[in-house]
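1. pasting the structure only:
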């Protein structure tokens, strides 16, 4: 454990003794970090990614990372491929979504959660489309606000948003929303 996050590999008593002595910080059950390691900028995302390495940060959690919302999710939202069992993580609180396996890789990116330690996350374009796809569950105002913020930023790629919408089967809804926001 040279500064990075590690899963529990030593006997439990040793890890908890090191934690109690202040040498380790416990990020989540079985996930420890050296106390003198550089502070993680996103410790909750880091803990979840260690516990669920194949999962991808998505939806409101991804929107917050990409500065597409001011909302701070009460749970870390992650996606797993449909057919795969979602992880059960109590802390930090986590909500799992099951996304289609054939399109699971679309828009896959990474964000640095601690110096030199990356977490899998969907890029801003995929995040906007996912929020539009799940607007009945997550809220239409959130989805439209994220789309508006995305389209107003320098370097926005509305063509990529439309391409992801086509791949994910929500082209009509997303195209109408993009047209409406651009017309404002």
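-> Arrived safely, thanks for sending. Every value quoted in this text rests on a predicted model; they were computed, and no experiment measured them. Residues are numbered from 1 along each chain as shown.
2. Looks to me like residue 136 is in a helix.
-> Yes. Under DSSP: H, G, I helix; E, B strand; the rest coil, residue 136 falls within a helix.
3. just use 505 as the starting number from now, easier for me
-> Taking 505 as the first residue, the last one we looked at is residue 640.
4. What about it, how many residues nearby?
-> Look at residue 640: counted by other Cβ atoms under 10 Å, it has 8 neighbours. All C-beta atoms are positioned from the backbone trio N, CA, C, and that covers glycine.
5. Could you list the low-confidence segments of this structure?
-> 505-516, 519, 522-542 (pLDDT under 70).
6. repeat that with 50
-> Filtered on pLDDT under 50, the chain yields the residue ranges 505-506, 510, 512-514.
7. For the residue nearest to the spatial centre of it, give me phi and psi.
-> When Cα atoms, centre = their mean is applied to the chain, the residue found nearest the centroid is residue 561 (1.8 Å). The phi/psi pair for residue 561 (degrees, to the nearest 10) reads phi -60, psi 130.
8. and the gap between the residue nearest to it when sequence neighbours are not counted and residue 616?
-> Nearest non-adjacent residue to residue 561, counting by Cβ to Cβ, 6 or more residues apart in numbering: residue 625, 4.0 Å away. Between residue 625 and residue 616 the computed distance is 10 Å (Cβ to Cβ, to the nearest Å).
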